Each structure stands twice: as structure tokens, then as C-alpha cells.
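> what follows is a predicted structure for the sequence shown.
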Amino acid sequence: MLRRKARDPQTWTAQLEHLIETAQKPDVSLHVVPFGTGPHHIRSCLELIFFQDGHTVAYTQSSWSGHLVEEPEDVEPLRLAYDLLRDTALTPTDSLTFLRTALAEHAPQRQPTLPA
């Protein structure tokens, strides 16, 4: 929901700037899923945690609760849903361009900061 602005323009600007800064870190791969992609199976926050021994767990989180998924037969459908969603997402480079464009479009609405 990168086009849905926060009520406070400064908060919105700070959020976009933070995402842009984070997306440029070497250990981060940020992918934006365009709204026009349509519905998908991931309806909450999903983190996949890959361990060195080869097993994977998932952590799902909503506004009300979080849930650790450890059983491989329960993790696998979440991994597949994530992979399918990532396949529809913009590349990291295109995602960064998208974020910068969103910030630039928001820029005319910024309130100049005045020295105290």
C-alpha cells in the first residue's frame, strides 16, 4: 500500500525515505508488488527463516497475533505462496525506482522545515 499515504506528510516522507535507504543495503532485496497484480494468497506479514541445517520455519503476523509455523508440511505451502508472489513483484531495481517516484510525487506536498 505504498500509494496510501499516512495522515502526517512528514511520517509518509520518512517511511518512503527509510524504504529507499533500506533497499540500497547490500544484504536487502526489496520487491514491490504492484497493486495491479491482483489478489494473492498472502494476507498477512510473512517471514521465512532459513536455517543453515536446511530447514525452514515461517512466522506469520497480523494486527492481532503472530504464529510460528514449524512443521515442514505447513511451511511448504507458505514458501510456495511467497515464491509465487515474488515472481509477480518488481525487480529490486524497479522497486527502488518505484519508491523514488512515489517520494518525488509526494515531494510537492512536503512542508518545508523552518529553522527553530
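All right, it came through fine.
> where do the strands sit along the protein?
45-50, 56-61, 66-69 (DSSP state E).
> got the contact list for stretch 44-57?
Stretch 44-57 is contacted from outside by 58-62, 68-70, 72, 75, 78-79, 81-82, using Cβ atoms under 8 Å, 6 or more residues apart in numbering. Just so you know, the C-beta spots here come from the backbone N, C-alpha and C atoms, and that holds for glycine as well.
> quick one: end-to-end length of it, please.
By Cα to Cα, to the nearest Å, the extent of stretch 44-57 from end to end equals 16 Å.
> mind giving me the packing neighbours of the longest helix seen in the chain?
For the chain, the helix reaching the highest residue count under DSSP state H is reported as helix 72-88. Helix 72-88 is packed against strand 45-50, strand 56-61, with contacts defined by 3 or more Cβ pairs under 8 Å, 6 or more residues apart in numbering; DSSP states H and E.
> any idea which of those gets closest to residue 102?
strand 45-50 (20.5 Å; Cβ to Cβ).
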